[in-house]
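Asker: Provided below for reference: sequence and predicted model.
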Amino acid sequence: MGERRYLAFDLGAGSGRAIMGRLFGDRIEIGELARFENEALKLNGHIYWNLYGLYSEMLKALAACSGECETVPESVGIDTWGVDFALLASDGSILGLPHAYRDPRTDGAPESFFARMPRERLYELSGAQILQLNTVFQLEAMRRDDSPLLKIASELLFMPDLFIYLLTGERVSEFTFATTSQLFNPRKGSWEPEIFEALGLDIGLMREIVMPGKRVGHLLPHIGRSCGMGGLPVVAVASHDTASAIAAIPSEGDDWAFISSGTWSLMGFESDTPLISEASRSYNFTNEGGASGNFRVLKNITGLWLWQQCMAVWRRQADIGYSHITLLAERAEPFRMLLDPDASEFVAPDDMTQAIMRYARKTGQREPEEPGQIARACIESMALKYRMVLGQLNELRGRPINRIHIIGGGAQNPLLCQMCADACGVEVLAGPVEATAVGNLLVQAISSGALEDHAHLRRVVANSFEPRIYEPRPNTQWDAAYERFMALEPK
């Protein structure tokens, strides 16, 4: 069977990449064409995404693809992190830069919203984890602060949909991303009017929801000409990056859980229908859309954010790399201190290492004295959080989970993967590291008819990438550490 090519833009909260996928029957090979920074802008006390800078980098990557590749790809797809958006005026102009989800404007917004709609009702309607960063609370902050943009906005587009709009002129909302907003009712499969009524906003702001694999449009003529890509089709893939990543897990059966490991750790399982119950609400689980129209029942856990922010501090102090810090962490004293990765102290501190030190003092623990001890505390605590969430997943499913698939950047960290296996007591399979890009590319392959369905997609992934397996090692120290971890507040 001949080669077929697809292009993926995978935009993360720290960097963006253009990835070319080459499909040979039931095997795919990928290669990075371009990588660029995605540094949030801090302006007048707020945090924004540099939408136009990212768009410019995407155009450069399209031109590079045209110049370096033997053939133009069949289509392009875009995935990004969740929840963030921009508003459009009636003439189609974009009203300002999109705020970043860590922007402090949402401080107090959940409490403000709950004065008009109880927390329990919001969860019943949306099935979404209550997180201050959710779109609903970003809009509530704008309403509370009497934002002039809301008065003139005619449409709302989420981040991947914004890039589709800039490239094609078409305006849609892709299903998997819509489900991250807490504006969507997963039982109805549509935007929820009661939530918009509580916000005091017109539901007409929202666009038509399209499913993953929908060919939305083509590059605008002037873009196609300048990039040498002609009328390249643009596909709305599973545009929430986690949805694309979970699609590319090479697994069969249903006795497994996933951890999509990056800045966030998203841990959960797949379900044909949303799971909205008192237990899922009390554990604060969310129901996010999957690439095949199914649902990912999961919890958002602060992931490598702590490690990344500590690395930023250490790199300012010395030329120090990830491999060196990992080695120091492996050699450091086990369980010296533990922390809750989701504690409010770690949301956006100026210096993460100092925030961890303050947390140690606050919780009556010995302070870490060097980088290896801090790094080990972060990884051990993440593994213990996974153990806690695994117990909740087993309860929600009503049957045991026998293995965990770790995908994304965390799959490259052997210390994290082994500690996850040890803490949780189940086999861990790591990889593919590039699951998000692979899922993006292969949803395009389904759209083009090159693959039959999502089961076929996963067979291709299994044929193309060999996971690394980590077996749990019995160690009673983990049990004692877990008791200490569960005594930390908040959970």
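Answerer: Great, that's in hand. All values reported here derive from a predicted model rather than from experimental measurement.

Asker: quick one: low-confidence ranges for the stretch 1-150 of the chain?
Answerer: Applying pLDDT under 70 to the stretch 1-150 of the chain flags residues 1.

Asker: same check on the stretch 301-450 of the chain?
Answerer: Using pLDDT under 70, nothing in the stretch 301-450 of the chain is flagged.

Asker: can you give me the strands in the stretch 1-150 of the chain?
Answerer: 3-11, 15-24, 27-37, 41-43, 46-48, 76-80, 85-88 (DSSP state E, counting those that start in this stretch).

Asker: redo the ones you listed as a markdown table? Include distance to Arg296 and mean neighbour count.
Answerer: Every C-beta, even on glycine, is put in place using the N, C-alpha and C of the backbone. Shown next, in a markdown table, are those (distance: least, C-beta to C-beta, whole Å; neighbours: other C-beta atoms under 10 Å):
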| stretch | distance to Arg296 | mean neighbour count |
| --- | --- | --- |
| strand 3-11 | 18 | 23 |
| strand 15-24 | 22 | 20 |
| strand 27-37 | 22 | 15 |
| strand 41-43 | 31 | 11 |
| strand 46-48 | 27 | 16 |
| strand 76-80 | 14 | 29 |
| strand 85-88 | 20 | 22 |
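
Asker: Asp340: which of those is closest?
Answerer: Checking those against Asp340 by C-beta to C-beta gives strand 46-48 as the closest, at 23.4 Å.

Asker: what's next to that closest one, contact-wise?
Answerer: The contact list for strand 46-48 (C-beta atoms under 8 Å, 6 or more residues apart in numbering) reads 40-41, 97-100, 102-105.

Asker: likewise for stretch 194-202?
Answerer: 113, 116-117, 121-122, 125-126, 136, 139-140, 143, 150, 182-183, 203, 205.

Asker: surely Gly82 meets His240?
Answerer: Yes: counting by C-beta atoms under 8 Å, Gly82 does reach His240; the two are 5.2 Å apart.

Asker: when those two are compared, which one has more neighbours?
Answerer: Set Gly82 next to His240 and count neighbours by other C-beta atoms under 10 Å: His240 wins out with 32 against 27.

Asker: need phi/psi at the more buried one.
Answerer: Torsion angles at His240 (phi, psi; degrees, to the nearest 10) stand at phi -80, psi 130.

Asker: distance check, it against Ala450.
Answerer: Noted for His240: a distance of 23 Å to Ala450, by C-beta to C-beta, to the nearest Å.

Asker: what's the nearest residue to Glu170 once chain neighbours are set aside in contact with, if anything?
Answerer: Closest residue to Glu170 apart from its sequence neighbours, by C-beta to C-beta, 6 or more residues apart in numbering: Gly217 at 4.1 Å. Contact analysis of Gly217 by C-beta under 8 Å, 6+ apart lists 164, 168-170, 233-234.

Asker: got a markdown table for those, with secondary structure and pLDDT too?
Answerer: Shown next, in a markdown table, are the contacts of Gly217 (DSSP: H, G, I helix; E, B strand; the rest coil; pLDDT from 0 to 100):
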| residue | secondary structure | pLDDT |
| --- | --- | --- |
| Ile164 | helix | 98 |
| Thr168 | helix | 98 |
| Gly169 | coil | 98 |
| Glu170 | coil | 98 |
| Pro233 | strand | 98 |
| Val234 | strand | 98 |
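
Asker: so which of these would you say is closest to Phe335?
Answerer: Of the contacts of Gly217, the one sitting nearest to Phe335 (C-beta to C-beta) turns out to be Ile164, at 47.1 Å.

Asker: surely that closest one touches Glu170?
Answerer: Yes: using C-beta under 8 Å, Ile164 is in contact with Glu170, at 6.3 Å.

Asker: any shared contact partners between those two?
Answerer: With C-beta under 8 Å, 6+ apart, Ile164 and Glu170 have common neighbours 216-217, 234.

Asker: in TSV, list those along with distance to Ala462.
Answerer: Formatted as TSV, those follow (distance: C-beta to C-beta, whole Å):
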residue	distance to Ala462
Val216	29
Gly217	33
Val234	28
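
Asker: wait, which of those residues is closest to Ser66?
Answerer: Among the shared contacts of Ile164 and Glu170, and counting by C-beta to C-beta, the member closest to Ser66 is Val234, at 15.2 Å.

Asker: in contact with that closest one, which residues?
Answerer: 75-78, 164, 167-168, 170, 215-219.

Asker: do Ser75 as well
Answerer: 6-7, 215, 232-235, 444, 447-448.

Asker: same thing with Gly82?
Answerer: Taking C-beta under 8 Å, 6+ apart, one finds 101, 177, 180, 240-242, 288 in contact with Gly82.

Asker: Glu370: which of those residues is nearest?
Answerer: Scanning the contacts of Gly82 for proximity to Glu370, where the rule is C-beta to C-beta, the winner is Tyr101, at 32.0 Å.

Asker: buried subset of the contacts of Ser75?
Answerer: 6-7, 232-235, 444, 447-448 (16 or more other C-beta atoms under 10 Å).

Asker: what about the helices in the stretch 151-300 of the chain?
Answerer: Using DSSP state H, counting those that start in this stretch, the helices of the stretch 151-300 of the chain run over 159-168, 175-178, 193-199, 221-227, 241-247, 278-282.

Asker: let me have the ones you listed in JSON lines, extended by distance to Thr436.
Answerer: Converted to JSON lines, these look like this (distance: least, C-beta to C-beta, whole Å):
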{"stretch": "helix 159-168", "distance to Thr436": "12"}
{"stretch": "helix 175-178", "distance to Thr436": "12"}
{"stretch": "helix 193-199", "distance to Thr436": "28"}
{"stretch": "helix 221-227", "distance to Thr436": "23"}
{"stretch": "helix 241-247", "distance to Thr436": "4"}
{"stretch": "helix 278-282", "distance to Thr436": "25"}
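
Asker: Leu54 is nearest to which of these?
Answerer: Nearest to Leu54, of the helices of the stretch 151-300 of the chain and by C-beta to C-beta, is helix 159-168 at 7.6 Å.

Asker: got a list of contacts for that closest one?
Answerer: 9, 11, 49, 51, 54-55, 58, 76, 78-81, 84-86, 94, 98, 157, 170-174, 177, 207, 216-220, 223, 234, 236, 239-240.

Asker: again, only this time at 6 Å
Answerer: Where contact means C-beta atoms under 6 Å, 6 or more residues apart in numbering, the residues beyond helix 159-168 that reach it are 55, 78, 80, 84, 86, 157, 171, 173, 177, 216-217, 219, 234, 239.

Asker: hey, C-alpha coordinates of that helix in PDB?
Answerer: The C-alpha trace of helix 159-168 is given here as PDB (Å, rounded to 0.1, in the frame of the first residue of the first chain):
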ATOM      1  CA  MET A 159      -8.200  28.000  20.800                       C
ATOM      2  CA  PRO A 160      -8.000  25.200  18.100                       C
ATOM      3  CA  ASP A 161     -11.200  26.600  16.500                       C
ATOM      4  CA  LEU A 162      -9.500  30.000  16.400                       C
ATOM      5  CA  PHE A 163      -6.600  28.700  14.400                       C
ATOM      6  CA  ILE A 164      -9.000  26.900  12.100                       C
ATOM      7  CA  TYR A 165     -10.800  30.200  11.600                       C
ATOM      8  CA  LEU A 166      -7.600  32.100  10.900                       C
ATOM      9  CA  LEU A 167      -6.600  29.400   8.300                       C
ATOM     10  CA  THR A 168      -9.900  28.800   6.700                       C
END
